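In: based on what follows, work out the 3D shape:
(one chain, ligands or ions: 1)
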Amino acid sequence: MRYISTRGQAPVLTFEQAMLTGLARDGGLYVPESIPTLSTDQIAAMAGQSYEEIAYTVMRPFIGDTFSDDQFRDLIAQAYAGFGHAARAPLVQLAPNHFLLELFHGPTLAFKDFAMKLIGQMFEAALTRSGDRVTIVGATSGDTGSAAIEAFRGLDAVDVFILYPHGRVSEVQRRQMTTPTESNVHAIAVDGDFDDCQAMVKDMFNDFQFREDVRLAGVNSINWGRVLAQVVYYFSSAVSLGAPLREVSFTVPTGNFGDVFAGFIAKQMGLPIRDLVVATNTNDILHRTLETGAYTKGTVTPTISPSMDIQVSSNFERALFYAYGQDGAAVAGQMDDLKRGGFTVSQGAIDALRETYKSGRASEQETSDAITAYVRDHGELLCPHTAVGTHVAEAHLGTTPMVTLATAHPAKFPAAVERATGIHPPLPPRMADLYDRDERITRAAHDLPAIQKIIKDRIAT
Ligand SMILES: *Cc1c(COP(=O)(O)O)cnc(C)c1O
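Out: Predicted coordinates:
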């Protein structure tokens with residue numbers, strides 16, 4: 001299995017290289033040269049299997065010879081061993097044809113643990129074999145960073161630096177990043193918003209000298225390994241609901257488009273997915289793009305679902321690549337236009353996108369009202385991101401079972417949940433002492449050279 005860039009100008013890589021590299025040298029994102037498919041029989045055989053077994057079947061065709069079969073099984077087992085639920089991604093029924101896929105039973109209480117814990121294991125295994133060491137730099141709106149720090153803390157072959165927007169992450173998210181004591185993990189509070197942090201990380205990757213000097217590696221949602229890990233729970237949940245004999249739809253609370261794009265891959269692999277519904281908060285660039293065909297950058301408005309406060313949605317480039325019939329030059333052209341403020345998707349490409357993706361948006365009031373209503377009517381306490389999902393999903397319920405992805409635990413965003421319900425959501429017992437641990441924070445200005453210097457100084461010691 002070989003990996004190509006969405007912009008068509010970067011070296012073709014193996015799975016291992018694509019995973020360790022993150023962003024391609026032409027500024028594009030890596031995608032598999034072709035998407036493998038699973039037969040109806042292979043999908044049917046997943047019924048009743050463990051999450052780990054399904055994960056192996058779904059991901060094995062993508063990894064080539066990077067790991068042996070036994071080692072790959074082992075890495076999957078290690079990745080999910082620390083989860084607080086035996087099913088890993090359990091389904092809960094909300095209404096006759098509406099289900100919640102609980103993706104928050106990992107160590108940092110958000111779905112990003114599914115990808116990050118596996119990436120951590122795969123990085124350590126690959127680097128230990130080659131004797132290399134890398135520096136991971138990532139930007140986060142809160143959940144990616146905590147998941148990365150949790151997944152990589154204490155590993156030998158990796159230093160991790162996470163840039164987060166100062167004052168714009170929840171206290172639980174911040175504490176999950178700032179309280180680990182291992183010397184290989186560093187949380188940097190940047191004066192700026194998430195897009196500023198993400199842009200600086202992109203700039204570091206495009207600074208080839210720096211990239212070489214610190215042996216830069218990325219685990220942001222652009223990393224192909226992360227997208228791949230997220231494909232698995234589309235299979236596990238759809239099979240529980242009767243796939244491959246029955247179609248299933250999904251509503252996905254979306255920011256960087258990584259999670260919902262994983263659903264597209266599942267569909268291409270042969271899973272009978274009817275609709276993939278993109279659910280956004282008031283930062284609705286994706287919803288607007290699907291409605292109008294015009295992708296124009298606005299400014300980020302802080303919301304109660306901060307992990308979706310995004311105006312530049314990096315993985316959308318992958319969706320565009322397939323919508324343009326895998327034409328890297330067309331994607332590169334649109335991304336150049338984006339630097340100047342925006343672009344218009346061609347008619348053919350927007351038709352292709354609308355074929356796969358539906359969309360909707362939830363205002364702050366609608367999000368909060370959904371949290372209130374779901375406790376009252378369904379007995380479920382939702383995090384604000386999940387509530388964006390259920391609000392949007394309701395407009396798309398029909399005869400096909402709808403699965404809304406519950407992307408975080410309500411205790412990760414306690415203020416918004418308490419305001420909407422009067423209930424203070426408690427942390428699971430395994431992390432109840434989070435508020436008592438000491439924090440370690442580095443403050444930094446929105447200044448690329450200054451942050452590059454912090455990174456160089458820290459890895460030198
Ligand atoms: C990251 C995140 C999202 C958005 O996921 P994308 O893959 O960026 O679309 C939604 N909800 C929560 C809780 C998140 O942490």
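In: who's in contact with the residue in the stretch 101-250 of the chain that the ligand sits nearest to?
Out: With Cβ to the nearest ligand atom as the measure, residue 143 is the residue of the stretch 101-250 of the chain nearest to the ligand, at 3.0 Å. Glycine gets a C-beta too; all of them are placed from N, C-alpha and C. For residue 143, the contact set (Cβ atoms under 8 Å, 6 or more residues apart in numbering) comprises 108, 110, 111, 112, 173, 307, 407, 408, 412.
In: give me that answer again for 10 Å
Out: Counting by Cβ atoms under 10 Å, 6 or more residues apart in numbering, residue 143 touches 104, 108-113, 116, 169-170, 173, 176-177, 255, 306-308, 385, 407-408, 412.
In: for residue 231, give its distance to residue 289.
Out: Using Cβ to Cβ, to the nearest Å, residue 231 is found at 23 Å from residue 289.
In: the strands in the stretch 351-461 of the chain, which residues?
Out: 357-361, 402-406, 442-444 (DSSP state E, counting those that start in this stretch).
In: against which helices or strands is the helix or strand that contains residue 79 packed?
Out: Assessed by DSSP states H and E, residue 79 sits inside helix 69-80. Helix 69-80 makes packing contacts with helix 51-59, helix 112-130, helix 224-240 when contacts are defined by 3 or more Cβ pairs under 10 Å, 6 or more residues apart in numbering; DSSP states H and E.
In: is it true that residue 286 touches residue 313?
Out: Yes: if you go by Cβ atoms under 10 Å, residue 286 and residue 313 touch, sitting 5.7 Å apart.
In: quick one: which of those two has more around it?
Out: Taking other Cβ atoms under 10 Å, residue 286 and residue 313 do not tie; residue 286 has more neighbours (27 against 24).
In: kindly calculate the angle that the one helix or strand the more buried one maps to makes with strand 357-361.
Out: Using DSSP H and E, residue 286 maps to helix 285-292. Using axes from the mean of the first three to the mean of the last three Cα atoms, to 10 degrees, the direction of helix 285-292 lies 120 degrees away from that of strand 357-361.
In: got a list of what residue 139 touches?
Out: 145, 161-165, 188, 190, 192, 194-202, 204, 218, 220-221, 256, 314.
In: how close does the residue of the stretch 101-250 of the chain closest to the ligand sit to residue 284?
Out: Residue 143 sits 20 Å away from residue 284, taking Cβ to Cβ as the criterion.
In: list of residues touching the helix holding residue 286?
Out: Counting by Cβ under 10 Å, 6+ apart, 254-257, 260, 278-281, 284, 294-298, 300, 308, 310-313, 316, 319-320, 342-345, 350, 353-354, 356-362, 392 sit against helix 285-292.
In: just the buried residues of that helix, please?
Out: For helix 285-292, a neighbour-count test (16 or more other Cβ atoms under 10 Å) marks 285, 286, 287, 288, 289, 290 as buried.
In: adding distance to residue 269, write the residues you listed out as TSV.
Out: Shown next, in TSV, are the buried residues of helix 285-292 (distance: Cβ to Cβ, whole Å):
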residue	distance to residue 269
285	27
286	23
287	26
288	29
289	25
290	23
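In: nearest to the ligand, of those residues?
Out: Closest to the ligand, out of all of the buried residues of helix 285-292 and judged by Cβ to the nearest ligand atom, is residue 286, at 8.7 Å.
In: confidence score at that closest one?
Out: Looking at residue 286, its pLDDT reads 95.
In: and the one 3 residues further on, by the same measure?
Out: At residue 289, the predicted lDDT confidence score is 96.
In: what does the stretch 151-300 of the chain put close to the ligand?
Out: Within reach of the ligand by Cβ under 6 Å from any ligand atom, the stretch 151-300 of the chain has these residues: 221, 253, 254, 255, 256, 257, 258, 259.
In: try 8 Å this time
Out: Within the stretch 151-300 of the chain, the positions near the ligand by Cβ under 8 Å from any ligand atom are 221, 230, 252, 253, 254, 255, 256, 257, 258, 259, 260, 261.
In: the fifth one touches residue 264, doesn't it?
Out: No: with contact defined as Cβ under 10 Å, residue 254 does not count as touching residue 264 (11.9 Å).
In: partners of the strand or helix carrying residue 138 in the sheet?
Out: Per DSSP H and E, residue 138 falls inside strand 134-139. Strand 134-139 has the following strand partners under DSSP bridges: strand 158-165 (parallel), strand 216-217 (parallel).
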